[in-house]
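Enquirer: the following block contains a protein sequence and its predicted model.
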Amino acid sequence: MNGSARAQAARGFSEGRLSPLFQRKLFFLVGDGVLLTVSICAAYWLRFDGHVPPPLAPEIAVVAGIGVGLKLTVFLGQRLHMLSWSQVGLEDMVVVVRSVTVATALFWGATFVLRGIWHWLAIPRSVLLIDYVLTLNMIAMFRMLRRVQLYLSHRTAPDGRIALIVGAGVAGEQLAHSLRSDTSKYVPIGFVDDDRGKLGTTIRGLRVLGDRGELLDLARAYAVQAILIAMPSAPSSVIRSVVSLARKAGVDEVRIVPSIDRVLNGQVGFDDLREVQLSDLLGRQEVRLDPAAMEEGLRGRTILVTGAGGSIGSELCRQMTRFGPREIVLVDNDETALFWVERDLQRLKQRSTTCLEDIRDSVRVTEMMRRVHPDLVFHAAAYKHVDLMERHPNQAIGTNVLGALEVARAALEVRVAKFVLVSTDKAVNPASIMGATKRAAERICLGLNGRGHTRYLVVRFGNVLGSRGSVVPLFQENIRRGDAITIRGRNMRRYFMAISEAVLLILEAAAVGQGGEVFALDMGDPIRIQDLAYDLIRLSGLEPYRDVPITFTDPLPGEKDCEDLLTAEEGVVATRYERLFVSRAEPPKDFDRVLTQVSALHELAETGDRDSIVRWLMNLVPNYRPSSSALDEPQIIVVGRPPREGARPGERGQALRAVS
């Protein structure tokens with residue numbers, strides 16, 4: 001007993017009560033003592049067929065006293081009293097066998113020594129052997145008693161939800177074990193597994209009742225209330241099939257074990273179960289990258305994130321806290337979003353600074369960059385909605401082009417080590433103003449690379465699941481309200497990934513990029529928006545068309561049926577990281593001319609001449625091919641910023657050209 005335990009026990013005695021540790025030890029000592037005494041007596045009784053000779057009565061008392069004393073001493077040394085009574089497992093049983101064996105060996109040795117001293121002590125060897133077998137079984141059963149009681153009570157619990165586990169592998173076995181806990185709300189009745197060799201076998205006391213094809217009948221026959229999917233590595237088609245069968249059977253609760261890492265660590269429990277999400281049905285697996293490389297690039301550094309209140313920017317800030325940055329500088333012009341991100345970082349005990357700034361203000365951006373002097377910049381601030389940017393091209397240019405240039409230029413001035421531009425697949429062969437402005441930002445960053453200390457690189461990815469204003473939350477809102485879902489184009493397809501996956505890609509690129517690269521993720525196959533809508537409706541327990549109307553319209557101006565990740569002229573090679581690809585894109589051949597075009601584009605944006613803006617964008621981004629309606633849009637709302645007090649006409653253009 002250590003010092004604190006002894007002090008606790010002393011306080012308990014002084015207050016007239018026993019400490020929990022002392023009570024536990026006393027309970028097991030008394031219980032083991034009784035069982036050991038019964039074991040020796042029963043060994044004599046069995047040896048003599050129930051008729052123990054009367055002269056042996058004194059011998060039994062001496063033998064019992066010696067055996068109980070020796071064995072309890074060994075049990076205390078092996079800390080058998082500290083085994084969890086309700087969670088005893090195979091490892092604990094190994095400890096029990098070892099302890100009983102060592103204690104019995106010492107007991108045998110003591111009896112042989114005492115036989116030479118007390119000649120009347122003639123213990124039959126068969127008694128010693130029978131005593132060992134009885135002691136082993138009694139002590140083991142004593143340790144398992146509470147767990148057996150919990151198992152039996154949980155199987156008959158009237159308030160537990162009847163559950164069927166899909167997957168009888170390692171994850172299913174671990175989950176079944178965890179569901180025996182008295183805090184679990186599920187009562188499992190068996191397994192479903194496609195391995196016919198497991199059919200009829202028993203795992204953790206539960207039978208494998210059938211394969212996936214029998215799931216519907218089994219769910220109805222056993223009145224199943226919950227389906228628990230324990231197949232972390234199963235493809236999305238299997239998950240989709242299980243969800244569909246569960247819905248047909250009228251089971252409203254379907255949960256899944258999400259992480260293979262938990263399985264490998266032997267830690268799967270009912271607390272890991274979560275609702276089936278869209279990412280499970282789309283087959284996107286979160287990318288597994290090198291945390292050591294990311295930690296090396298982030299630990300102890302000051303990191304600035306623009307657009308820190310957005311979906312990508314805020315997740316970047318949260319994920320970076322795992323790698324020990326010295327400080328994270330949060331930059332955004334949305335005070336509410338900035339407030340919540342700052343709160344998240346405070347909760348995570350991460351030092352941070354908030355900057356409520358407009359990245360289009362060159363003076364403020366430069367002052368901010370000089371003040372915080374970051375080691376690394378993630379530029380995630382951007383307008384992203386294609387339709388809105390078609391109607392407000394001046395705002396797209398102001399933020400996506402000029403804002404990117406201001407931040408990139410300021411980073412060059414203060415000698416930031418790396419500048420990471422967060423881009424989009426819509427920048428590849430753009431058909432929209434939004435995509436063209438992001439491509440222009442890419443050209444600016446690639447053109448600045450090599451002009452100073454700062455290394456510039458670009459990261460492209462597709463749509464992220466659940467980002468603000470994206471198609472998934474919009475569809476979910478329609479389903480919740482009972483409104484029809486509108487799909488723009490029957491063949492519309494998009495690449496999708498989880499936000500955490502996109503952020504890992506960005507962090508990995510920042511760690512391994514040397515400057516001048518365009519990074520992209522192997523994103524698998526694009527997903528039809530129509531199929532996406534069907535999956536979301538079924539995840540809500542409804543059926544397309546029957547419960548949720550679906551209508552189709554033509555794509556909006558600037559929308560393509562499917563986006564690309566790389567242009568035809570960009571070569572791509574695999575990196576040593578799984579599913580991470582890189583293209584060393586060529587910088588603009590005449591970067592001074594690019595800056596001149598950007599300056600002219602800024603002046604056009606302030607005039608609101610939409611046709612001229614689109615045509616000038618086509619000059620700045622040669623592979624920009626606007627839709628036919630892009631040049632014919634009659635209305636434009638100009639919401640520009642007033643010029644800085646004292647600024648002369650054309651001064652902004654001069655400042656832009658001065659970067660070169």
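Expert: Looks like it came in fine.

Enquirer: once you drop chain neighbours, what's closest to Asp193?
Expert: Ala168 (3.9 Å; CB to CB, 6 or more residues apart in numbering). C-betas here are computed from N, CA, C, even on glycine.

Enquirer: actually Glu296, not the one I typed
Expert: Glu296 sits nearest to Ala511 (CB to CB, 6+ apart), 6.8 Å away.

Enquirer: how close does the residue nearest to Asp193 sit to Ile227?
Expert: 14 Å (CB to CB, to the nearest Å).

Enquirer: ditto for Leu580
Expert: Distance, Leu580 to Ile227, using CB to CB: 35 Å.

Enquirer: the more surrounded of these two?
Expert: Ile227 (25 against 21; other CB atoms under 10 Å).

Enquirer: tell me the SS of the more buried one?
Expert: strand (DSSP: H, G, I helix; E, B strand; the rest coil).

Enquirer: the longest helix seen in the chain - contacts with which helices or strands?
Expert: Secondary structure of the chain per DSSP state H: the longest helix is helix 125-155. Packing partners of helix 125-155 (3 or more CB pairs under 8 Å, 6 or more residues apart in numbering; DSSP states H and E): helix 20-47, helix 57-77, helix 90-117.

Enquirer: wait, doesn't Leu448 sit right on Tyr456?
Expert: Yes. Using CB atoms under 8 Å, Leu448 is in contact with Tyr456, at 5.4 Å.

Enquirer: quick one, which of these two is more surrounded?
Expert: Set Leu448 next to Tyr456 and count neighbours by other CB under 10 Å: Tyr456 wins out with 29 against 24.

Enquirer: on that earlier part again, and the helices and strands packed on helix 125-155: which comes nearest Glu342?
Expert: helix 20-47 (42.4 Å; CB to CB).

Enquirer: now the closest one, how far from the centre of its chain.
Expert: Offset of helix 20-47 from its chain centre (CA atoms, centre = their mean, to the nearest Å): 48 Å.

Enquirer: now that helix: buried residues?
Expert: By neighbour count on 16 or more other CB atoms under 10 Å, the buried set for helix 20-47 is 21-22, 25, 28, 31-33, 35-37, 39-41, 43-44, 46-47.

Enquirer: could you give the average pLDDT over it?
Expert: Mean pLDDT, helix 20-47: 83.

Enquirer: now do stretch 411-424
Expert: Mean predicted confidence for stretch 411-424 is 95.

Enquirer: that stretch: end-to-end distance?
Expert: The first and last residues of stretch 411-424 sit 21 Å apart, counting by CA to CA, to the nearest Å.

Enquirer: ok, stretch 514-531 next?
Expert: Terminal-residue distance, stretch 514-531 (CA to CA): 39 Å.

Enquirer: do the same with stretch 459-474
Expert: 26 Å.

Enquirer: output the helices and strands packed on helix 125-155 as CSV; include the columns distance to Leu504.
Expert: Output for the helices and strands packed on helix 125-155, formatted as CSV (distance: least, CB to CB, whole Å):
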stretch, distance to Leu504
helix 20-47, 45
helix 57-77, 49
helix 90-117, 35
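
Enquirer: out of those, which gets nearest to Asp609?
Expert: So among the helices and strands packed on helix 125-155, helix 90-117 is nearest, using CB to CB, at 76.1 Å.

Enquirer: quick one, strands of the stretch 401-550 of the chain?
Expert: 418-422, 455-459, 463-464, 485-488, 493-494, 496-497, 518-521, 527-528, 550-553 (DSSP state E, counting those that start in this stretch).

Enquirer: tell me the SS of Leu316?
Expert: Applying three-state DSSP to Leu316 yields a three-state assignment of helix.

Enquirer: could I get the pLDDT score of it?
Expert: The model's pLDDT for Leu316 equals 93.

Enquirer: who's in contact with it?
Expert: Contacts of Leu316 were listed using CB atoms under 8 Å, 6 or more residues apart in numbering, and they are Val305, Ala308, Phe378, Ala380, Val503, Ile506, Leu507.

Enquirer: can I get these in TSV with neighbour count?
Expert: Output for those, formatted as TSV (neighbours: other CB atoms under 10 Å):
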residue	neighbour count
Val305	29
Ala308	28
Phe378	29
Ala380	27
Val503	28
Ile506	23
Leu507	26
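
Enquirer: about what we covered before: overlap in contacts of Leu448 and Tyr456?
Expert: Ala408, Phe419.

Enquirer: out of the contacts of Leu316, list just those in helices.
Expert: Using DSSP H, those in helices are Val503, Ile506, Leu507.

Enquirer: any idea how far the residue nearest to Trp108 when sequence neighbours are not counted is from Ile485?
Expert: The shortest distance from Trp108 to any non-neighbouring residue, by CB to CB, 6+ apart, is to Leu128 (5.5 Å). Leu128 sits 78 Å away from Ile485, taking CB to CB as the criterion.

Enquirer: Asp535 and Ile239 touch, don't they?
Expert: No. Applying CB under 8 Å as the test, Asp535 and Ile239 come out as separate, 10.3 Å apart.
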